[in-house]
Each structure stands twice: as structure tokens, then as C-alpha cells.
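**Student:** below is the sequence, then the predicted model.
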Amino acid sequence: MSKFKSIKCRIGRFNLRKRLKNLKRQVITHNFNTAKTAGILFSSPDDQSFSAIKEFLLFLSNSEINVIALVYVPGKKVPQQYLMRKGINFYCSTDLNWYYKPKNEMIDQFIDQKFDILFDLSLKQTFTTDYVGSLSKAAFKIGMQKENAYQDLVIDINKNKSVDYLIEQIKHYLNILNN
């Protein structure tokens, strides 16, 4: 990473820490039976991970959970094959300010939505998804183990770093919780 990008990231992290001081949320543990709303956050989709996430969206919808997904696609444009998906919103690098903070009305609405569960399915740690996930007002946040993890339930997937395995582990642990 260039020195200039490193400085921009540090400024972004400083801004995020400042905003997190004012964030107040009550953590409530939910599972698939108690949750009524869910948000899915992920970044850098490829065709295989995108199909796994679409299946997970369908699973949640079949469980009568209202789901909204937010996807960060690095680059200046969202590829055509990802567009026009119901319940999936996309943003790209043109929706970021100079220190990588997302600046889009759709993203602000996602952050302010009081989801019962927020699923962070990102396999790569990016500041933009960390920003959205950290500031989310979701009652229960789930994701993989990362540096600076903000999740309430952290899942270690070092054995198999794939979205399929992460979703499988999320299903396993949420079926155990609060039964």
C-alpha cells in the first residue's frame, strides 16, 4: 500500500473510531427462529461466492426473514452480471469519499436499519465493509474472525476460507443458539 493510501486509511479509521464512541446499541442474541429481519454485508464477490450468497438469501427468505444485502464491489463499476437482483444493493469505489468512507444514501439507510441479525460474509477485510458493519445498528452481528472484529459472534474459518463454509458454520451455530 502506498504511503498516501496508508494515510487516507488512518484518517478513515480515526473518523470511524470517533463515530463509534457515539454508537449505542443493545446486543440481543437471535437465531433463525427469533429473527424477523437480517442484513447481509459482503465484498469482492466472485461467481462462486455470489451464488452461495444468493442461496443463503433464499434460505433466509424461506425462513420468513426479511433480508437486505449490501455488496461492495472494488472498482469503478458494478459488473453487469450482478445487477438487477432483488434485495441486493451494490456500491463501488465511486461511492466512497477520499478516505474510503461510504457516501451513499442507500448505505446510510443500511447502517440505520435495525436488523435483528447482520451477517458479514466478507472474506477479505476492507475498510468500507468494516465501516458499514461497525456502525450498523443491528442487534446481533455475525462474521468471520478478523483483525478489529466488531461482531458479537466471531467464527473461525481458517480450515476452509470460503463463503460456503462460513455460511455452513453460521447455520450450525445459529441453530444451537437460544433453542
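**Tutor:** Yep, it's here.
**Student:** tell me the mean pLDDT over stretch 43-60?
**Tutor:** Computed over stretch 43-60, the mean pLDDT rounds to 86.
**Student:** contacts for that stretch, please.
**Tutor:** For stretch 43-60, contacts defined as C-beta atoms under 8 Å, 6 or more residues apart in numbering pick out 32, 38, 40, 42, 67, 69, 71-74, 81-82, 85, 87-88, 119, 121-124, 126, 128-129, 162-164, 167, 171. Every C-beta, even on glycine, is put in place using the N, C-alpha and C of the backbone.
**Student:** keep only those of those that are in helices.
**Tutor:** 128, 129, 163, 164, 167, 171 (DSSP state H).
**Student:** isn't the first one up against residue 96?
**Tutor:** Yes: with contact defined as C-beta atoms under 8 Å, residue 128 and residue 96 form a contacting pair (6.2 Å).
**Student:** need the residues touching each of those two.
**Tutor:** residue 102.
**Student:** strands of this protein, start to end?
**Tutor:** Listed in chain order, the strands of the chain (DSSP state E) span 37-43, 66-73, 88-92, 117-120, 140-144, 153-155.
**Student:** which strands and helices sit next to the last one?
**Tutor:** The helices and strands touching strand 153-155, judged by 3 or more C-beta pairs under 8 Å, 6 or more residues apart in numbering; DSSP states H and E, are strand 140-144, helix 163-176.
**Student:** out of those, which one sits most buried?
**Tutor:** strand 140-144 (a mean of 23; mean count of other C-beta atoms under 10 Å).
**Student:** and the spatially most central residue of the chain, what does it touch?
**Tutor:** The centroid of the chain falls nearest to residue 41 when counting by C-alpha atoms, centre = their mean (2.3 Å). By C-beta under 8 Å, 6+ apart, residue 41 lies in contact with 69, 70, 110, 118, 119, 120, 121, 122, 129, 132, 133, 136.
**Student:** residue 131 versus residue 171, what's the distance?
**Tutor:** 27 Å (C-beta to C-beta, to the nearest Å).
**Student:** what about residue 56, neighbour count?
**Tutor:** 24 (other C-beta atoms under 10 Å).
**Student:** got it, and the one 4 residues further on?
**Tutor:** As a burial measure, residue 60 scores 21 neighbours (other C-beta under 10 Å).
**Student:** what's the mean pLDDT across the lengthiest helix in the chain?
**Tutor:** For the chain, the longest helix by residue count, based on DSSP H, is helix 3-21. In this model, helix 3-21 has a mean pLDDT of 82.
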